[in-house]
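In: Here is my input, please return the structure:
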Amino acid sequence: MSDATFTVSFAGPLVTVQDAGRPGHMRYGVSASGPMDRLAFDAAHAALGNPPGTTGIEVSLGGLALQCTSGAVTLAVTGGAFVVEHRGQKLGAWCVLTVEKGDRVIIRGGKTGSWAYVAFAGTLSAESWLGSTATHAASGFGGGVLRTGQTLRITSASVREERTGEIAPPEFLADGPLRVVTGPQDQHFSGDALARFLTEKFAVTDAYDRMGMRLRGSELELAGALSIPSEPVVRGSVQVSGDGVPTVLLADHQTTGGYPKIATVIAPDIERLVQLRSGDGFRFAAVSAAEAVGAARHYAMCKAEYLDQIAVPRGTLDQRLMRENLIHACVLD
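Out: Below you'll find the model as predicted:
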């Protein structure tokens, strides 16, 4: 194994270095950050056989172009339905490929999805802050936002031919409305606001970044004061500002908030939510706290099984050919 280096030929906005996140610091006002789509991030590393939570790159719809300037390394791309260009070929995301000196890899948005992930078979050198390379995009703390012209170094880079090819995308994600647990401040809304929140359609607006997603839809009128005493908020909290517009808090959310929260999106559905784009519509559906816990446990079990499956090496090209029946007929003299 040796090092591999890349030049960032182009990086769109909000392309950042991320690891699994920085938990345990919210009492100090520091959000956990980490990937927006944690399932896709974990899948990229599992497909390479990396330890969970290894540092990688989160790519926004703005896209990313990398030029390999030395060495060779195998990398994985997962996330939304992005397009990957490599050696004159256009591939879909959810793939593992090997990049060598002189190769160029371009990742750009495709038909659906807002975030993609790049993981390397090696260690991406990045600055650590409070024990994590996860980037808090607003402050830049952590591994940081990628800039055009920047150099990336992958230490202990390896070529893992036995892992190259397509990655089976997850098929266990729930469909239908996004599930929420209502409250804890639904009493601060007018009589039918909660009912309209749960029955009417909402859409993602352009006001969408790593901190939160502002929605367009029915105005959720507040009953009385516009704010409450600040209290802790979590990823998935749906807080409503004085104009009646809901915002779902995401990876870089603030640690406390004074706007009433009408509901919280349950953890298993956040990955679906963050991959929506501006203009995409959806509905919410209420579940009980007990149902949310059950859904989270089922999701964790399915995710663990899925990551175990895609972590199994496919074998080298020679090994794969030996497993296939390449002879379908023969001619006898």
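In: C-alpha from now on. contacts and neighbour counts both.
Out: OK.
In: D206 and R214, how far apart?
Out: Separation of D206 from R214 (Cα to Cα, to the nearest Å) stands at 8 Å.
In: who has more neighbours, those two?
Out: R214 (21 against 12; other Cα atoms under 10 Å).
In: Contacts only, for that one.
Out: V204, T205, D206, A207, Y208, V245, P246, T247, V248 (Cα atoms under 8 Å, 6 or more residues apart in numbering).
In: ok, the residues you listed vs A137, which is closest?
Out: For those, the residue nearest A137 by Cα to Cα is Y208; the value is 12.9 Å.
In: related to what we said a few turns ago, got a quick PyMOL command for the buried subset of the contacts of R214?
Out: Taking 16 or more other Cα atoms under 10 Å as the burial criterion, the selection of buried members of these in PyMOL is written as:
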select buried, resi 204+205+208+245+246+247+248
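In: How is this protein divided into domains?
Out: Annotated domains of the chain cover 2-169, 178-292 [automatic domain parsing].
In: So for the longest one, mean pLDDT?
Out: What it means is domain 2-169. Averaging pLDDT along domain 2-169 yields 97.
In: go on, the shortest one?
Out: Here domain 178-292 scores 93 as its mean pLDDT.
In: Quick check: end-to-end length of that domain?
Out: End-to-end distance of domain 178-292 (Cα to Cα): 12 Å.
In: how distant is it from the center of its chain?
Out: 19 Å (Cα atoms, centre = their mean, to the nearest Å).
In: Please enumerate the strands of the stretch 201-333 of the chain.
Out: Under the criterion DSSP state E, counting those that start in this stretch, strands of the stretch 201-333 of the chain are mapped to 202-208, 212-216, 231-232, 237-240, 246-249, 256-257, 261-265, 281-282, 284-286.
In: Can you list the strands that the third one pairs with?
Out: Looking back up the chat, that one is strand 231-232. Paired with strand 231-232 in the same sheet, following DSSP bridges, are strand 256-257 (antiparallel).
In: Which residues does the partner strand contact?
Out: So strand 256-257 is contacted by G29, P229, S230, E231, P232, V233 (Cα under 8 Å, 6+ apart).
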